[in-house]
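Asks: structure for this input, please:
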Amino acid sequence: MKLATVLTPMSAENLQLAAQCGVTDFVTRHYGPDPARLIAVKQEVEAYGLTLSVIEGYLPIEKIKTGTDHDGAELAELKELIRQMGNIGIPILCYNFMAGTDWVRTRLDVPERGGAKVTQFNLATVEQAVLLGHDGAGTHQATDDIDRSGLTHARLWDNLERLLNEIVPIAEQAGVLLSMHPDDPPLHELLGRPRIMNSVENFEKLLQLVPSPNNGICFCQGTFAEMGADIPAAIRRLGSHINYVHFRDVNGTAESFTETFHDNGKTDMAAAVRAYREVGFNGPIRPDHVPQLVGEDDGEPGYTMLGRLYAYGYMKGLFQATQQVDNP
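Replies: Numbers count the residues shown, from 1 in each chain. Reported below is the predicted structural model:
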């Protein structure tokens, strides 16, 4: 397994801190049609001994999800991105199929251990959260556009199948692994809009839509935990289709949950790492949302640096401990 990270901001100091903690792989966003910025980021992280392995976020896909990409502009840009990734040597593209919102939280300042701040979701107050803009990437599509699309669960599945038929062959040619991230929270619907990537069974359906080694999964542990899934069992069930991991944990259910320190949630994290080893996972695995620690009040909730440093060490310890168990 390759310890990976996002960095916000991607500063020289944070890059050096990540390298010093043993991080080997880097995750960045999509910067637009011109590949120059992406190439520059690749060169910058390589200067610190890191490998640019994953692109996720800011993808041209919002209209594709709702079936309103009528001129095909988003699809064309997404295809070109996959080709660019193949040419540049970036092997994994992480995407999601949440229509209208990205990940949603209703509180960003819930006290955790020692007064650290974590995020929380409560379905009862979700309207307030959206009005406050607490949706992570801030990528709300206009409500009337979504409503006009007449989106249903069946249409969302149709849109996904149509997309995969278009991009999986290109991903195969480019050597890029497509990695679907679960809906967060993994509800049947949110704000009256359908969601489909919300169960282990639906991820199996995703894989069956267009069977290919390049049609795979981003296993976000926190979201699968929100589903109520047995994490080690789900890892074994999805097996070799997992090619990228978001490592985090929560307490609660999809309707009401609170994020935690990596060692303070409901999941047996060591058992999860052992399950990754059993299925032969050797891809990038990164700490996902982390607590805000003292002195980080101005940072982006879930993405501050001190919590990441704690997570790096915890994850490295799990990797080493499970390796010792496997190979005494």
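Asks: for the most centrally placed residue in the chain, give me the backbone phi and psi.
Replies: Centrality entry for the chain: nearest residue to the mean C-alpha point is H181, 5.1 Å, by Cα atoms, centre = their mean. Phi and psi for H181, reported as degrees, to the nearest 10, are phi -90, psi 140.
Asks: what's it in contact with, if anything?
Replies: The contact partners of H181, taken as Cβ atoms under 8 Å, 6 or more residues apart in numbering, are E56, C94, Y95, N96, M197, C218, C220, T223, H246. (Glycine included, C-beta is placed from N, CA and C.)
Asks: now go through the residues you listed and say which are in helices.
Replies: Among these, the members falling in helices (DSSP state H) are T223.
Asks: and of the contacts of H181, the nearest to E259?
Replies: T223 (10.8 Å; Cβ to Cβ).
Asks: looks like the closest one contacts P182 (just checking).
Replies: Yes - with contact defined as Cβ atoms under 8 Å, T223 and P182 form a contacting pair (4.0 Å).
Asks: neighbour count winner among the two?
Replies: Neighbour comparison, T223 and P182: the larger count goes to P182, with 29 against 26 (by other Cβ atoms under 10 Å).
Asks: hang on, the earlier thing: the contacts of H181 in strands, which ones?
Replies: E56, C94, Y95, N96, C218, C220, H246 (DSSP state E).
Asks: closest to I231 among those residues?
Replies: Proximity of the ones in strands among the contacts of H181 to I231 (Cβ to Cβ) peaks at C220, which lies at 10.8 Å.
Asks: that closest one: neighbour count?
Replies: Here the number of neighbours of C220 (other Cβ under 10 Å) works out to 27.
Asks: return the distance of the residue nearest to the centre of the chain relative to K117.
Replies: Distance, H181 to K117, by Cβ to Cβ, to the nearest Å: 24 Å.
Asks: in a strand, Y244, correct?
Replies: Yes - under DSSP: H, G, I helix; E, B strand; the rest coil, Y244 sits within a strand.
Asks: can you give me the helices in the stretch 51-200 of the chain?
Replies: With helices called from DSSP state H, counting those that start in this stretch, the stretch 51-200 of the chain shows them at 62-66, 73-88, 126-131, 143-148, 153-174, 200-209.
Asks: hey, which of these is tucked in deepest?
Replies: helix 62-66 (a mean of 22; mean count of other Cβ atoms under 10 Å).
Asks: find the least confident helix or strand in this protein, judged by mean pLDDT.
Replies: Least confident helix or strand of the chain, by mean pLDDT, DSSP states H and E, is helix 143-148 with a mean of 51.
Asks: the residue lying closest to T152 once chain neighbours are set aside pairs with what?
Replies: Closest residue to T152 apart from its sequence neighbours, by Cβ to Cβ, 6 or more residues apart in numbering: P194 at 5.9 Å. On the basis of DSSP bridges, P194 is bridged to E189.
Asks: what residues are up against P194?
Replies: Contacts of P194 (Cβ under 8 Å, 6+ apart): A99, L151, T152, H153, L156, H188.
Asks: so P301 makes contact with Q292?
Replies: Yes - at 6.3 Å, P301 counts as touching Q292 under the criterion of Cβ under 8 Å.
Asks: surely L15 is in contact with L50?
Replies: Yes - counting by Cβ under 8 Å, L15 touches L50, with 7.1 Å between them.
Asks: residues in contact with stretch 196-211?
Replies: By Cβ under 8 Å, 6+ apart, the residues outside stretch 196-211 that reach it are 96-98, 153, 156-157, 160-161, 164-165, 168, 180-183, 186-188, 215-217, 224, 227, 229, 234, 237-238, 241, 254.
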